[in-house]
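1. Test case, fold it:
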Amino acid sequence: MKKAFERALPYTVPVIIGYMFLGITFGIMVSQEGYNPLFAPFLSLTIYAGSMQFIILPLLKTDISIIAIIILTLSVNIRMMFYGVSMIKEYKSSRSKFLFILTLSDETFALDTSIKPPADVKKSDFFLAIGLINYLVWAIATYIGALLGNLITFNTMGMDFVLTALFLVLLVEQYFATKNHKPLKIGLALSIVALLIFKPDNFMIPALLLIVLSLYGLRERIEEKNV
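-> Modelled structure (predicted):
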């Protein structure tokens, strides 16, 4: 497993940079809300859902019920179910299915599906190492931000674009790493259709459902080698 961490670390550098910026921003927000700095890594290690963590901060000071928070969390992060389906093979052979599932994030999934593991490490260990590195970096970054929160005050508007930019970089890298661009074209087309039909506030879940069903139904055609 040590070798897996050593091999995985260089691939996680782009995510680490993004997580440091956004994690520190979240930690500062936790501190400015009046919470103990330890609350930031606690949320990060237990929830580990960047967007939901930002959403939950103001909700904690309202009368919203736990059930409502659970439903909201599921609706915001339901995309993880689709990520998990495509990683089932890796889950089965992983040293720890719990850690594999816990450490899965958008960025980790993007890395897992865009890079080829080195030949000298077990594939599932390599992916697990990527997830653990990203998981721990996020928690540490939020703690650093919380510690600095009372010393630094600035407008955090726009900081969430860091991960959007990271996704674009990973998308471009994955595009040039493979000759088969059919999944990308299908995903883009169905996302646009869902956006037009369901509008920006409600299109994500329908888009994911359409993409998963289409990719599953067209799997044989998509996996055909380019002539």
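
2. Can you tell me the SS state at residue 35?
-> Recorded secondary structure, residue 35: coil (DSSP: H, G, I helix; E, B strand; the rest coil).

3. burial of it, as a residue count?
-> Counted with other Cβ atoms under 10 Å, the neighbours of residue 35 add up to 18. Using the backbone N, CA and C atoms, a C-beta is placed for each residue, glycine as well.

4. what do you get for the one 5 residues further on?
-> Summarising burial for residue 40: neighbours were counted as other Cβ under 10 Å, giving 30.

5. Same question for residue 106.
-> By other Cβ under 10 Å, 19 other residues sit near residue 106.

6. And for the one 3 residues further on?
-> Per other Cβ under 10 Å, the neighbour tally for residue 109 reads 21.

7. Name the residues of stretch 178-193 that come out as buried.
-> Buried residues in stretch 178-193, defined by neighbour count with 16 or more other Cβ atoms under 10 Å: 183, 186, 187, 190, 191.

8. Stretch 46-66: end-to-end distance?
-> Using Cα to Cα, to the nearest Å, the end-to-end distance of stretch 46-66 comes to 15 Å.

9. And residue 30, how far from residue 53?
-> 9 Å (Cβ to Cβ, to the nearest Å).

10. ok so, going back, pick the one among the buried residues of stretch 178-193 closest to residue 93.
-> residue 183 (23.4 Å; Cβ to Cβ).

11. Report the rounded mean pLDDT for stretch 14-34.
-> Averaged across stretch 14-34, pLDDT comes to 86.

12. Grab the CA positions of it and hand them over as CSV.
-> Only the C-alpha atoms of stretch 14-34 are listed here, as CSV (Å, rounded to 0.1, in the frame of the first residue of the first chain):
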residue,chain,number,x,y,z
PRO,A,14,-4.1,19.2,-9.3
VAL,A,15,-6.8,18.1,-6.9
ILE,A,16,-4.6,18.9,-3.9
ILE,A,17,-4.2,22.5,-5.2
GLY,A,18,-7.9,22.9,-5.7
TYR,A,19,-8.8,21.3,-2.4
MET,A,20,-6.4,23.6,-0.5
PHE,A,21,-8.0,26.7,-1.9
LEU,A,22,-11.6,25.6,-1.5
GLY,A,23,-11.0,23.8,1.8
ILE,A,24,-9.3,26.8,3.4
THR,A,25,-12.3,28.9,2.2
PHE,A,26,-14.7,26.5,3.9
GLY,A,27,-12.6,26.5,7.1
ILE,A,28,-12.7,30.3,7.2
MET,A,29,-16.4,30.3,6.8
VAL,A,30,-16.8,27.8,9.7
SER,A,31,-14.7,30.0,11.9
GLN,A,32,-16.6,33.2,10.9
GLU,A,33,-19.8,31.4,11.8
GLY,A,34,-18.5,31.1,15.4
